[in-house]
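Participant: Fold the following and give me the result.
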Amino acid sequence: MSSAETEGPLVCVRVWDHVVRSTHWIIALSIAVLVVTGLYIGHPFLLAPGPAGDHFVMGTTKVVHFYAAIAFTLAVLARIAWMFLGQGHARWREFLPVDRDRRVGLWHALQFYMFMRKRPDPAIGHNPAAGFTYVGVFGLYLVMIATGMGLYAAGASVGSPFRAFEFLLRLAGGAQTATWIHHVVMWLLLGFVVHHVYSAVLTAVVERNGVIDSIVSGNKWVPASEARDDAARARP
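Facilitator: Numbering: from 1, shown residues only. As a prediction, this is how the structure comes out:
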């Protein structure tokens, strides 16, 4: 029996604002483009007949990769800024277990994901485990941005403003090490994507609250009692 059946009628609650939803999808789509183009740049798997100048496949791939990286970087930085400028479930407190309830909820959520608990604790926004995982994910995002900018700066033309980011390459230990880090983090993020989709589907099936739809609509359907508790916690 679902929590909705035991806790009364469901109500529609606005959970994710337009900034959270738009940055989520920009990041997701840009990662897809970056993975495909990045794999090609590292290991070209398309061969065009004739002189390279007639097709310019690699050059075009690098340009697409560059613009997707810009979109990714701006979306990540905007989302980080919104953790401090936004309201409600967009705030940084959704990610760090700074209070006792979030720390207890973190352990309960981990038990649920490991099939040691039948149901997770009620959470209208990110549950504590999901929120804390995003701390690491955004850390990986920043590593990707730093190594990518360093690698791009190394090949930028003289006088390009991107040459200012060459220091990132030195911090990474050189171009070869930066390339290795960039590649490894890509696979870590792909692993997170698989887990992210699995967790979202699992939660959607168990809680039946529209968690997957919410990243498009911004709304979830939750028991009225949970909505009242959430509104009470949000009051200053």
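
Participant: Residue 11: what secondary structure?
Facilitator: At residue 11, secondary structure determined by DSSP: H, G, I helix; E, B strand; the rest coil is strand.

Participant: got it, and residue 121?
Facilitator: The three-state label given to residue 121 by three-state DSSP is coil.

Participant: all helices of this protein, in order?
Facilitator: Along the chain, the stretches classed as helices by DSSP state H are 3-6, 18-42, 57-85, 100-113, 128-155, 166-172, 175-207, 211-217, 224-234.

Participant: tilt between the third one and helix 128-155?
Facilitator: So that's helix 57-85. Computed by axes from the mean of the first three to the mean of the last three Cα atoms, to 10 degrees, the angle separating helix 57-85 from helix 128-155 equals 140 degrees.

Participant: Report the angle between helix 57-85 and helix 18-42.
Facilitator: Taking the same axes, to 10 degrees, one finds helix 57-85 and helix 18-42 inclined to each other by 150 degrees.

Participant: Same question for the fourth one.
Facilitator: With the same axes, to 10 degrees defining the directions, helix 100-113 sits at 50 degrees from helix 18-42.

Participant: In this protein, where is pLDDT below threshold?
Facilitator: Applying pLDDT under 70 to the chain flags the ranges 1-8, 50, 52-54, 207, 227-236.

Participant: about what we covered before: relative to residue 49, which of the helices of the chain is closest?
Facilitator: Ranking the helices of the chain by their distance to residue 49 (criterion: Cβ to Cβ) puts helix 57-85 first, at 11.2 Å. No exception for glycine: its C-beta is placed from N, CA and C like everyone else's.

Participant: I'd like the helices of the chain as CSV, with mean neighbour count appended.
Facilitator: Formatted as CSV, those follow (neighbours: other Cβ atoms under 10 Å):
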stretch, mean neighbour count
helix 3-6, 14
helix 18-42, 16
helix 57-85, 16
helix 100-113, 16
helix 128-155, 19
helix 166-172, 16
helix 175-207, 15
helix 211-217, 16
helix 224-234, 14
